Each structure stands twice: as structure tokens, then as C-alpha cells.
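>>> attaching a predicted model along with its sequence, questions to come.
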Amino acid sequence: MTQTTTRALSADVQTHGNAGDIIPSVPVERIVAQRNRGVTAFLEGVALIREAQTTLAEASGRSWFAGLSQIVESSLCSDRSEQRNAAIRRRICRIADREIWTRLMNETGMFTLMSEAQRKQWDTQLYSDDCPEITPDNVIATFRALNASKGATFEQGVIDVFRNLSWDYKTNTPCLLGKRIIIDGVLDNHRGLYFSVRTYAQSRINDLARPFWILDGKNVPDFRVSEGAGLSEFISRGGANSVGDVFTCEYFTVRAYKKGSAHITFTRPDLVEKVNDIIARHYPGALPPKV
């Protein structure tokens with residue numbers, strides 16, 4: 001609007017009365033006041049949401065708390081009933097509780113003891129309606145029970161690993177870990193142009209290495225620098241030429257083949273014996289007596 005137009009409008013208001021006379025039956029002053037209150041409330045709401053985002057992210061040990069924007073959007077519907085508010089509260093609490101349980105399991109080292117199968121079982125519970133609420137009593141009770149069963153959790157993880165091994169080869173003896181084992185489904189063959197290690201195979205190899213790290217009294221490596229990740233990088237970096245070459249880990253070597261299988265040769269017989277002792281406790285009579 002030009003200055004000339006503004007002056008003309010101002011003169012018209014002064015000549016003919018106030019704004020209510022120009023726009024009959026419209027409470028301009030109240031509308032402007034509502035607009036200002038609405039803008040202020042919105043900015044305050046944005047600030048509170050940002051604060052909630054930061055606080056929940058800190059509680060879950062993450063740099064960003066995902067899922068909040070979708071909840072905010074759904075909460076803006078016309079249904080403002082108590083039932084709707086309760087549903088929104090359940091939704092935000094469930095997301096927060098999942099993230100915090102995951103943080104607690106990571107920081108207490110419980111995930112370290114679990115196999116991939118045990119992790120999936122835990123995650124299934126977290127994403128179900130039975131996800132326990134984060135309260136002091138629930139956290140203490142849960143970790144008291146988990147700590148009491150640490151040994152059983154670790155041993156069950158070991159058993160899960162060997163249940164998933166292929167027993168189709170002579171070098172694989174059921175319920176016995178020998179000097180070498182062979183596993184299937186490790187590589188994907190991309191028309192012979194290049195090969196890649198399957199994600200599931202990386203998890204199986206990490207599961208296989210985990211008991212050796214623990215029995216050796218060492219920290220289990222983060223999955224990003226684990227045996228499975230190392231093999232994947234080894235195959236990707238070397239291309240088709242790396243297939244058939246030996247990849248050396250802390251406790252075994254891996255030689256992958258174009259048909260997708262891999263030979264794993266263990267380099268610590270003392271730890272293999274400890275693992276076999278665990279298996280023998282679960283399968284009495286499976287191992288020959290020690291001479």
C-alpha cells in the first residue's frame with residue numbers, strides 16, 4: 001500500500017468514523033488482538049515442542065528424537081476430547097519408553113550378551129502393547145532380573161548361534177564346534193560383476209565372534225567395526241578378486257566363495273573348548289569325553 005493510499009484511508013476514517021463504521025459488524029480490534037495472541041501462543045508452542053524434542057532426545061541418549069512431528073500433526077485434529085488426549089499421551093510415552101529402554105540396554109551392556117535372535121525377541125516386546133513403562137520400579141525390577149540371568153542369557157545366545165549353523169558339511173558336527181565350520185548364504189552374487197556380504201550373514205558372523213570376545217575377557221566391538229562389517233568392507237573393497245581370499249579376524253579367519261558359502265577357521269583352540277563346554281551343558285552327551 002502506498003503512502004498516498006494510507007493517508008487517504010486515514011483521512012476517510014477520521015471523516016466518516018472508526019473502523020467499525022467502515023467494516024460493519026466486524027470486530028476488527030478483537031480480531032487483531034486474537035491474531036496477536038495466536039501468533040504469540042504459536043511461537044510459545046514451537047519453543048515448548050523444541051524443548052520437548054531436546055529433553056526426550058537427551059533422555060534416550062540420541063541427538064534427535066524421531067516421531068514427535070507426526071504426533072504433533074495428529075494432535076491438531078478437531079477431536080479434543082479427554083479420550084483423544086489420553087491416546088496422544090500413550091503414543092508419545094510409548095515412543096519415549098522404547099528409546100530409553102534401548103539406551104539402558106546398550107549402556108548396561110545387556111545387548112552385548114544377546115544373540116541376534118534374543119535382540120529380535122526383545123525388540124518385538126518393545127514394539128508391542130506390552131512394552132513396559134519407564135518408571136523407577138520397572139527399570140530396577142527389569143535390570144535386577146536381567147543381571148540375575150546374565151550367565152543364562154549369554155549361554156542361550158551361544159546356543160542360538162550354533163542352532164543357526166548349517167550342518168550340511170562334514171566339518172560341521174552338530175552341537176560341536178570344530179577347527180573349521182562352513183556357513184551358507186554369506187554372499188550375494190551380482191551377475192558376477194561384484195559380490196556383497198548379506199546383512200543377515202554379517203549378523204551371524206558377529207554372533208559367532210561375540211562369545212569369543214566375552215570368554216577372552218575383552219569388550220565386544222561396536223557393530224560398525226565388527227567382524228561382519230570388516231568382511232563386508234573387505235569384499236566390497238577387493239571386488240570379485242577378494243572372493244576366495246582370506247579375511248583375518250581376532251579369533252578366526254573367513255574365506256568366502258562365489259557360490260555364497262564361507263569357510264570359518266578358528267585360531268584360538270582354548271576358547272573353542274570353552275564354547276564347546278557351554279554347548280555340552282545344554283546337550284549332555286553330545287561331546288566325546290575328554291581324554
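Right, received. Where do you want to start?
>>> quick check, central residue of the chain?
Central residue of the chain (Cα atoms, centre = their mean): residue 102, 7.5 Å from the mean position.
>>> wait, isn't that one in contact with residue 127?
No - look at residue 102 against residue 127 with Cβ atoms under 8 Å: they stay out of range, at 11.0 Å. Yep, even glycine has a C-beta here, placed from its N, CA and C like the rest.
>>> tell me how far the nearest residue to residue 266 once chain neighbours are set aside lies from residue 113.
Nearest non-adjacent residue to residue 266, counting by Cβ to Cβ, 6 or more residues apart in numbering: residue 252, 4.7 Å away. As judged by Cβ to Cβ, to the nearest Å, residue 252 and residue 113 stand 20 Å apart.
>>> and what of residue 135?
Where residue 113 is concerned, residue 135 sits at a distance of 24 Å (Cβ to Cβ).
>>> so between these two, which is more surrounded?
When residue 135 and residue 113 are compared for neighbours, residue 113 comes out ahead with 23 against 10, by other Cβ atoms under 10 Å.
>>> contact partners for the more buried one?
150, 153, 154, 157, 214 (Cβ atoms under 8 Å, 6 or more residues apart in numbering).
>>> which stretches of the stretch 101-250 of the chain have low pLDDT?
Low-confidence segments of the stretch 101-250 of the chain (pLDDT under 70): 166-175.
>>> strands of that one, residue ranges please.
Assigned by DSSP state E, counting those that start in this stretch, the stretch 101-250 of the chain shows strands spanning 180-183, 187-190, 194-197, 246-248.
>>> pipe those strands into CSV and attach mean neighbour count per row.
Listed next are the strands of the stretch 101-250 of the chain as CSV, based on neighbours: other Cβ atoms under 10 Å:
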stretch, mean neighbour count
strand 180-183, 20
strand 187-190, 15
strand 194-197, 18
strand 246-248, 16
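>>> could the ones you listed be laid out in TSV, adding distance to residue 54?
Rendered in TSV, the data for these read as follows (distance: least, Cβ to Cβ, whole Å):
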stretch	distance to residue 54
strand 180-183	45
strand 187-190	41
strand 194-197	38
strand 246-248	42
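>>> indicate which one of these is closest to residue 45.
Between residue 45 and those, the tightest spacing by Cβ to Cβ is seen for strand 194-197, at 46.8 Å.
>>> what about residue 62, distance to residue 113?
Distance from residue 62 to residue 113, counting by Cβ to Cβ: 23 Å.
>>> buried ones in the biggest helix by length in the chain?
Across the chain, the longest stretch assigned as helix under DSSP state H is helix 28-59. Buried positions in helix 28-59, judged by neighbour count with 16 or more other Cβ atoms under 10 Å: 53, 56, 57.
>>> try stretch 90-102
In stretch 90-102, counting by 16+ other Cβ under 10 Å, buried: 92, 94, 95, 96, 97, 98, 99, 100, 101, 102.
>>> and for stretch 59-77?
Using 16+ other Cβ under 10 Å as the test for burial, stretch 59-77 gives 60, 65, 68, 72.
>>> ok, now stretch 137-147?
Burial within stretch 137-147, assessed by neighbour count using 16+ other Cβ under 10 Å, is assigned to residue 142.
>>> now do stretch 257-268
Neighbour counts using 16+ other Cβ under 10 Å place 260, 261, 262, 263, 264, 266 of stretch 257-268 among the buried residues.
>>> how much space between residue 42 and residue 194?
Going from residue 42 to residue 194 by Cβ to Cβ gives 52 Å.
>>> likewise for residue 238?
As for residue 238, its distance to residue 194 is 10 Å (criterion: Cβ to Cβ).
>>> repeat that for residue 35.
61 Å.
>>> can you pull the pLDDT of residue 9?
pLDDT recorded at residue 9 is 43.
>>> helices along the chain, start to end?
Using DSSP H, helices in the chain cover 3-16, 19-22, 28-59, 68-75, 82-107, 110-113, 116-126, 136-148, 150-163, 199-215, 227-238, 269-282.
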